[in-house]
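Participant: Quick check, what structure comes out for this input:
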Amino acid sequence: MSATVPGRATGHDVLFPTRAQDLRAASRKALADIPLQQLVAAATHSKNTGRKSLCREAFGDRYDAIRQLAGQIKQHTLDHLDRYLEQFVAAARANGTQIHFAKDGAQAREIILAIAAASKSKVCVKSKSMATEEIRLLPALETAGVETIETDLGEFILQLDGDAPSHIVAPMIHKDRHAVARAFVRELGAAYTAEPRELTMIAREHMRAKYKVADLGISGANFLIAQTGSLVLCTNEGNADLAVAAPRVHVALVGIEKVIPSMAELPVFIKLLARSATAQPITVYTSLISGPRRATETEGPREVHIVLLDAGRTQLLHPSTRELLRCIRCGACLNACPVYRKVGGGHAYGSVYSGPIGATITPALRGLGDYTQLPQASSLCGACFEACPVHIDIPTQLVNLRRATVERSLGSRWERLAMKLWAWTMASPLRYRLCAKVQRVMMRAIAERDGEGRAWLSAAPPPIGAWTKERDLPAPAARSFRHQWKDRA
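Facilitator: Below is the predicted model:
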C-alpha cells in the first residue's frame, strides 16, 4: 500500500501544479474522452436535478429566502471575522483544544509535521479535506515517515491510483466501479469484483486494520462554532468519526472562513449543505467535537489540535471579493455548470478548487497572473448563482476577474490585439460596414450549398473555425440586414 502513495503525490502535482496548465488543451483532451464525458455528465446531472427537486420539496418558494439568510449569516461573520475568531479560539482553548495559526500552506505543513513528530506518530488515518489537498499535506506526511491512508472511499481509490480529486464533494466522479475493481486487484490483491457492496467491504476491511494501529487522525471541518469552540464534521461514510476518535491525536486543518457565530445558526447550514451537495436531506453523520476526551471519558483523542489556515484568505476579505469566503464547499455550482461538465470535471482546471467557485477562488488565492484562463471558463449563464446555497454572485465575480485581466494586460498578446482591432472597427460606422461587407463576401465565397440551396460553412477560417469544428455555420445573406431594412422602409 505505502508503495503506491508516492505515485499519488506525483499524480497530484502533475494535475495540480504550482502554475496553471493550459485549460484549453486540457478541455480538448477531455472532450475527446467519451467515457469521461458520460461519467461526469451523468453524475453532475443527477446531483443537480436531485438538488432542485429536494430543495423545492423542502422549502417551496422560501428557498431563495433561506439561501439569502445563509449568505447574510456568513457575510456578517466575515465582516467581523477578527471578533468571531477570537471568540472561537478562547472557547476552544477552554475546552482543552490546542490552537495553531498558519499564514500559508508551508507553515501549516510544518505545524502538523511537528505535532506528528512530538506525538511520535507513525500511522495516520485521514478523512476527506479540501484544505489538506490545498496545502499538499499527504506527500509531506509520507516524506516525513508517517504512513497515511485516505479513509474517504473516493479519496482512498484515488490514493491507490496515484490520482487527484476531480470534484469538491465527489472526488472520483471521473471513475467507474470497474476502475475501482482494477485498483483493488492491483494494489490490495483482492479478487476482481465490480459489485459496489463487495468493493465497499474490501475497502472497509483494509481500512479497519489501519484504524486499529493509527496514532494520528487528520480531518478538516465544515464549520467552526465561535460560541462553543466546537468543530462540526458532516460526512456520509462514518470514516471521519473513526479518524478523529480512534487515534490518540486529532489534528483538524480548517480555513479561517469556516467560523459561524453560534449553534443557533448551524441548522440553517445543515439544512442546505447536504441538499446542495449530494441531494439528500441531511448527511448521515453530523458530529460536533469540543476538545479532547475528558477525565471521565474512555473514548476519544487525548489531544485535539486545530490549525487555522489563512493561505490568502485574508486577501479575499477585501469588500469586492469577501463574498467568495461564504463558500461551504458543497459543490453545487460544479454540478450545475455546463462548462465543468464538458471539460470532463475538475482536472482541466489545474487546481484543487474547480468549477465556477474554483475559477474565482483560485486566481484570488494563487494569483490571477498564473490563472488568467479560469475566469474565461464560464458562459455566464448564472446556473452557479442559482445553485449556490449561500447566495454568492459568482458570475459577477468572474466578470470582475475578466476586467482585471484586461486592465493588467494579463491575457494573450494576440487576444489583446484582436480586441483592440475589434474596438477600433466598432468605433466607426464606416469601418464597421466595410468590414462587415468584406466578411460577408468572403464567407459566401467559401460556403457550400445543401440540397435545398442553403449556404453553409463547414470549415471557416479563424477565429470562426472554432465554431465550425463542432457544427456548420449558416453563410451570411447576400444583402445585409441594413440594406434589407432600407428596402422595406
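Participant: What strand or helix carries residue 198?
Facilitator: helix 196-213 (DSSP states H and E).
Participant: Give the pairing partners of the next helix or strand after that helix; include direction for each.
Facilitator: Following helix 196-213 in sequence order, the next helix or strand is strand 216-219 (DSSP H and E). If you go by DSSP bridges, strand 216-219 pairs up with strand 123-126 (parallel), strand 249-255 (parallel).
Participant: Touching the helix or strand immediately after the shortest one in the chain from outside, list them.
Facilitator: Meaning strand 123-126. As assigned by DSSP H and E, the chain's next helix or strand after strand 123-126 is helix 130-134. With CB atoms under 8 Å, 6 or more residues apart in numbering as the contact definition, helix 130-134 has outside contacts at 12, 16, 105, 126, 138, 164-165, 168, 218, 220, 253-255, 309, 311, 329, 352-353. The way it works is simple: take the backbone N, C-alpha and C, and place the C-beta from them, glycine included.
Participant: and if you look at stretch 189-199?
Facilitator: 177-178, 180-182, 184-185, 202.
Participant: Start and end of it, how far apart?
Facilitator: As for stretch 189-199, its first-to-last residue distance stands at 12 Å under the measure CA to CA, to the nearest Å.
Participant: Would you mark the buried spots in that stretch?
Facilitator: Taking 16 or more other CB atoms under 10 Å as the basis for neighbour counts, the residues of stretch 189-199 that come out buried are 190, 193, 198-199.
Participant: Phi, psi for residue 309 please.
Facilitator: When quoted as degrees, to the nearest 10, the phi and psi of residue 309 stand at phi -100, psi 130.
Participant: Can you give me every residue that contacts it?
Facilitator: Counting by CB under 8 Å, 6+ apart, the residues that residue 309 touches are 102, 105, 108, 131, 134-135, 253-256.
Participant: can you check residue 450 too?
Facilitator: Going by CB under 8 Å, 6+ apart, the list of residues near residue 450 reads residue 456.
Participant: How about residue 288?
Facilitator: 225, 230-232.
Participant: Who is it paired with across the strands?
Facilitator: On the basis of DSSP bridges, residue 288 is bridged to residue 232.
Participant: and it, how far is that from residue 229?
Facilitator: Taking CB to CB, to the nearest Å as the measure, residue 288 and residue 229 are separated by 10 Å.
Participant: and if you look at residue 339?
Facilitator: Here residue 339 is placed at a distance of 40 Å from residue 229 (CB to CB).
Participant: Can you show me the CA trace of the helix or strand hosting residue 89 as PDB?
Facilitator: With elements taken from DSSP H and E, the one containing residue 89 is helix 81-94. Written as PDB, here are the backbone C-alpha positions of helix 81-94 (Å, rounded to 0.1, in the frame of the first residue of the first chain):
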ATOM      1  CA  LEU A  81     -14.100  37.800  11.400                       C
ATOM      2  CA  ASP A  82     -11.500  39.100  13.900                       C
ATOM      3  CA  ARG A  83     -14.000  39.200  16.700                       C
ATOM      4  CA  TYR A  84     -15.500  35.800  16.000                       C
ATOM      5  CA  LEU A  85     -12.100  34.100  15.600                       C
ATOM      6  CA  GLU A  86     -11.000  35.500  18.900                       C
ATOM      7  CA  GLN A  87     -14.200  34.200  20.500                       C
ATOM      8  CA  PHE A  88     -13.700  30.800  18.900                       C
ATOM      9  CA  VAL A  89     -10.100  30.500  20.000                       C
ATOM     10  CA  ALA A  90     -10.900  31.400  23.600                       C
ATOM     11  CA  ALA A  91     -13.800  28.900  23.700                       C
ATOM     12  CA  ALA A  92     -11.800  26.100  22.000                       C
ATOM     13  CA  ARG A  93      -8.800  26.600  24.400                       C
ATOM     14  CA  ALA A  94     -11.200  26.500  27.300                       C
END
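Participant: one step back: columns mean neighbour count and mean pLDDT on top of the strands paired with strand 216-219, output as JSON lines?
Facilitator: Putting the strands paired with strand 216-219 into JSON lines (neighbours: other CB atoms under 10 Å; pLDDT from 0 to 100) gives the following:
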{"stretch": "strand 123-126", "mean neighbour count": "24", "mean pLDDT": "96"}
{"stretch": "strand 249-255", "mean neighbour count": "25", "mean pLDDT": "98"}
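Participant: how far does the helix holding residue 198 sit from the chain's center?
Facilitator: Once both centres are worked out by CA atoms, centre = their mean, to the nearest Å, helix 196-213 turns out to sit 27 Å from its chain's centre.
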